[in-house]
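Novice: Quick one, structure for this:
(chains A and B)
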Amino acid sequence: MNFDGLFSNFGELTTTGLTQGAIYALVALGYTLVYGVLRLINFAHSEVFIAGAFAALWTWNGFGLDQNSQVSGVGSIMFYLLVAVIAAAIASAGTATVIERVAYRPLRKRNAPPLAFLITAIGASIAISEAFGVYTRRLPQGAPGLVNTKPLFEIAGVPIDAVQLLTVGAALVMMVALDLFINRSRLGRGVRAVAQDANTAALMGVNKDRIIMLVFIAGGSMAGVAGLLYDVKIGTLTYSVGFLLGLKAFTAAVLGGIGNLRGALVGGLMLGVVENYASGLFGSQWKDFAAFAVLVVLLMFRPTGLLGESLGRARA
Amino acid sequence: MRQKLARVIGGAAMLALVAGGTACSSSGGDSASGGDKCGNKIAFFGALTGSSAALGINENNGVKLAVDKYNKENADCKVELVPLDSQGSPDQAPGLAQKAIDDPKILGIVGPAYSGESEAADPLFSEAGLVHITASATRPSLSQQGWKTFFRAVGNDFSQGPAAGTYIKDVIKADRVYVIDDQSAYGAGLADEVKKVLGGAVVGSDKVQGEGKQTEFSGVVTKVKAANVKAIFYGGYYQEAGLIRKQLTAAGVTAPLVAGDGVNDKAYIDSAGAAAAEGTILTCPCQPASEARGTFKEEYKALNGTDPGTYSDTAYDAANILLAGIKAGKTDRAGLLDFVKNYSGEGVAANYKFVEGGELDPAQVKVWAFKVQGGQVVPDQEIKKS
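Specialist: Next comes the predicted model:
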């Protein structure tokens, strides 16, 4: 164990961990939303994320930017980010919608057992991931260096750069927006109603299929934003990265309490930080071990996750 | 799904074989020693799909060129190339090896391309007496297992690891070095050799996950940054190397990355970006494909539409050794194995002669340093043996 490695780099391990955690959190939202409403683990969500990440990358490519391009000027950087985020959100939400229409809805109409959903989810995930793999010839694709990674300022000796600010900031904003939407808006009330009791909600005039579609679109858009942030932060995209990231995000969702939106954020950030601390303390080969050990221990004491499940619970 | 597909392809290949066999016998069929002289096959064994496929595709294209040329010269008695796609996975290797062994027309194999899959597949080949020449599996222990059919057309890590260490010490003159590996047989093996050469100059080391299992390296990047090193060695493959380089550069680490042949690929530069990849040193127990003799480069490009990559020329040579045997009438497995064992000749990448355990004659092993310059991997210098 290398305590020195952990403590002397504590600040930096924390900030970089939070950045990665923010991406986990955004993807985790999709798992949590769908689970909260449908009691279904949408394993194809990792490919919803990948679709967004590729859409953002290809949008930049469409503007003639490749991995070697350097863009300067705040205006044009903002423009490229904005266009890419729209493309990513549309691609991800579209992919999520297609998955729901093709893989889940027909099964739901026939009252298929939960196991059937699990298999179609995995099937859809593999099919989409392989399609991207074949199309990209399974080669890594580099993203342009849009956001400068030079430190902007320091907090207590820890340098903070624009990518970190952007990633964490975007995750927080998306999170708050989604939370407001679910808890304040009329459609959000429909989501909560279906989550609590789908049949009763239907009797009250809530269109269940529309709500489910909405949930997939909302979760998909979050994953799209995560895809863009992933491109900006990691800088390279391979068709297969969704699987592990999806698994981590799912873990984050469970860690925070699946079905709980704020839990997804807490779980994501915590997972990112724990991974980095483990990497500093034991060496990077232990980071997944540590992350999952934390999950297991935590679930022993809090089986419903840190914040518990909330979407399906009636508010007091 | 993939298995089913493979079975369908296998079936098609079988049909083609039957058809080819009939065509051959109807055209007179001169049977030589051992099996049928015509309708023979050689296989390429390596990753053609999956996350580490770029190297396998390089090699397969080299083999393709060798077979293509052979078939043009021997149009009446062609040899067929069977690509066996292992995806670089040791789990798939034994099944695939058995498939090759079960096809009596496959006389020899170029591959397996990686060390991990070699360990899984080579015992089966040895048992079946099916000769195979690898163009890129550089793990030293492969030649020490007593496998009778193993041949290696390049030097092993014991030649590459010390050379990388020597380069860091003598050319970069770095007194503070960070060593990272991906915990694979290949990567960890290389890193250990480098550590041995550098000794106290290694101020820190860390292990990451290979095979695309890790994309986020902020933990190790933070440690490298804090260690304030002059050079970083990475033992592993291009996929992670590209990400590590990009993230190191983003964090402000400018020390050059030195890595083995597993990183020597265009995909590394594509993923890191040319600016971050600039100055990366890549070692290879091979000589540059651009230094290949004769018209190899032009012919390769004409057939495959791309420039030859790492080990394209070595795989081409390996295939040519097998084809030379078939041409010489060694059309059964025992005969071809014997032919390769006693082979001595010149290829486009090196001269070939195999010694104990199937290793390439050490006198023929060259280790080169390549440098990433302006988005291209260009030959830097041959690393002198220390």
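
Novice: just so I have it, where are all the helices in the chain?
Specialist: I went with chain A, as the question did not name one. Taking DSSP state H, the helices of chain A run over residues A:3-8, A:10-38, A:45-62, A:74-99, A:105-109, A:114-135, A:162-184, A:186-196, A:198-203, A:208-234, A:241-256, A:261-282, A:287-301.

Novice: let's do chain B instead
Specialist: Under DSSP H, chain B gives helices at B:2-26, B:53-73, B:93-102, B:115-128, B:157-166, B:185-198, B:218-227, B:238-250, B:266-272, B:274-277, B:296-304, B:312-327, B:333-341.

Novice: Out of these, which is closest to chain A?
Specialist: Of all the helices of chain B, it is helix B:218-227 that lies closest to chain A, at 2.7 Å by Cβ to the nearest Cβ. From N, CA and C alone the C-beta is placed, and that goes for glycine too.

Novice: of all the helices of chain B, which lies closest to B:Gln376?
Specialist: Among the helices of chain B, helix B:266-272 comes nearest to B:Gln376, with 7.7 Å by Cβ to Cβ.

Novice: how far does that closest one sit from the chain's center?
Specialist: Helix B:266-272 has its C-alpha centroid displaced from the chain centroid by 18 Å (Cα atoms, centre = their mean, to the nearest Å).

Novice: so A:Ala56 touches A:Asp231, yeah?
Specialist: Yes - between A:Ala56 and A:Asp231 there is a contact under Cβ atoms under 8 Å: 5.1 Å.

Novice: Tell me how far stretch A:285-305 lies from the chain's centre.
Specialist: Centre-to-centre, stretch A:285-305 and its host chain are 19 Å apart (Cα atoms, centre = their mean).

Novice: Can you list the buried residues in that stretch?
Specialist: For stretch A:285-305, a neighbour-count test (16 or more other Cβ atoms under 10 Å in any protein chain shown) marks A:285-288, A:290-291, A:294-295, A:298, A:304-305 as buried.

Novice: Which pair in those has the greatest spatial separation?
Specialist: With Cβ to Cβ as the measure, no two of the buried residues of stretch A:285-305 lie farther apart than A:Gln285 and A:Thr304, at 31.2 Å.

Novice: buried stuff in stretch A:175-183?
Specialist: Neighbour count says stretch A:175-183 has A:175, A:178, A:182 buried, by 16+ other Cβ under 10 Å.

Novice: Let me know the closest of these to A:Asn276.
Specialist: So of the buried residues of stretch A:175-183, ranked by how close each gets to A:Asn276 (Cβ to Cβ), first place is A:Met175, at 20.7 Å.

Novice: The closest one touches A:Asn260, doesn't it?
Specialist: No - counting by Cβ under 8 Å, A:Met175 stays clear of A:Asn260, with 11.9 Å between them.

Novice: dump the residue contacts of the residue most central in space within chain B.
Specialist: Nearest residue to the geometric centre of chain B (Cα atoms, centre = their mean): B:Ser136, 2.4 Å. Counting by Cβ atoms under 8 Å, 6 or more residues apart in numbering or on different chains, B:Ser136 makes contact with B:46, B:55, B:59, B:113-114, B:154, B:261, B:310-311, B:314-315.

Novice: A:Ile41 too?
Specialist: Applying Cβ under 8 Å, 6+ apart to A:Ile41 gives the contacts A:31, A:34-35, A:118, A:121, A:250.

Novice: Give me the buried entries from those residues.
Specialist: Buried, going by 16+ other Cβ under 10 Å: A:31, A:34-35, A:121, A:250, out of the contacts of A:Ile41.

Novice: Out of those residues, which is nearest to B:Leu96?
Specialist: The nearest member of these to B:Leu96, counting by Cβ to Cβ, is A:Ala121 at 29.3 Å.

Novice: Relative to A:Leu244, how far out is the closest one?
Specialist: 17 Å (Cβ to Cβ, to the nearest Å).

Novice: now do B:Gly88
Specialist: Distance from B:Gly88 to A:Leu244, counting by Cβ to Cβ: 17 Å.

Novice: Of those two, which one has the most company?
Specialist: When B:Gly88 and A:Leu244 are compared for neighbours, B:Gly88 comes out ahead with 24 against 17, by other Cβ atoms under 10 Å in any protein chain shown.

Novice: Dihedrals phi and psi, that one?
Specialist: Main-chain torsions, B:Gly88, degrees, to the nearest 10: phi 70, psi 10.

Novice: Alright, calling it a day.
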